[in-house]
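1. I'd like to go over a predicted model; first the sequence, then the structure.
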Amino acid sequence: MSENSETQLPEVFDPETQEGGFNVLPIGFYIAQVVDACVAQPKTGDGYYVGLSWQITEGTHEGRYVFQNITFLHSSTQAVEIGRRQFKDLCVATGVAEQVSDVEVFKYIPCKIKVGIQEDKQQGIYPDQNRVSRILSLEDPKASKAAEPKAATAAKPESKTAATPAKSEPAPANATKANGPVVPPWRKPAGSVGDDIDDKIQY
């Protein structure tokens, strides 16, 4: 090793005080805003997609990021159709009614997003990741009724007339109380055009 090589960190890293990895967010609606937006081509070079970094702004998971790719142009007409619907939802949710030529117009406008969980169906080697399936404005009636998911399902109260005490419902498999550390806004591609199409398009 060269004597001139840089090996010193700018500050000491203590593993005992740091958290590793993070859990996916529970399925549900969250208030979030786009903090980063770009237009890029998939690895295949087929078409273009809009990459969005959503940051949750309220609730238990405030500060966490969710990443979304919306297909804009592609050889698959089905992918384009689904992507254009999502892009229209984005415009409506953010109040952008004029013609769009730059995705910067969508940044820092609070919306309500529905977050799901996507699995690696083809190879099963990548961890589960969150995906954005709906984008709604805060004024949308559907958004006002949707609450942030709870960490666990509450137990059912015992019935006075029941022959045997009611049992508590088990917590959902995807429920978690762990926030996980806030991740930086680097782009981590996520599915955007439906499970079947996602398996075919490589971002």
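-> Right, received. Where do you want to start? Given the structure is predicted, the values throughout are model-derived calculations rather than measurements.
2. ok, then the element right after the strand ranked longest in the chain?
-> Using DSSP state E to define each element, the chain has its longest strand at strand 28-40. The first helix or strand that comes after strand 28-40 along the chain, using DSSP states H and E, is strand 48-56.
3. that following strand: partners in the sheet, and parallel or antiparallel?
-> Taking DSSP bridges as the criterion, strand 48-56 pairs within the sheet with strand 28-40 (antiparallel), strand 65-73 (antiparallel).
4. the last one: which residues count as buried?
-> Along strand 65-73, these residues count as buried under the neighbour rule (16 or more other C-beta atoms under 10 Å): 65-72. Placement of C-beta: from N, CA and C, glycine included.
5. just put the residues you listed in TSV and tack on pLDDT and distance to Y126.
-> Below are these laid out as TSV (pLDDT from 0 to 100; distance: C-beta to C-beta, whole Å):
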residue	pLDDT	distance to Y126
Y65	95	17
V66	96	16
F67	95	14
Q68	97	17
N69	96	15
I70	97	21
T71	97	20
F72	97	24
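6. can you pull the pLDDT of the closest residue to S75 other than its chain neighbours?
-> Counting by C-beta to C-beta, 6 or more residues apart in numbering, S75 lies nearest to D46, which is 5.3 Å off, once chain neighbours are set aside. On the pLDDT scale, D46 is placed at 96.
7. cool, and A175?
-> 39.
8. cool, P42 as well?
-> P42 is given a pLDDT of 94.
9. number of nearby residues for T77?
-> 8 (other C-beta atoms under 10 Å).
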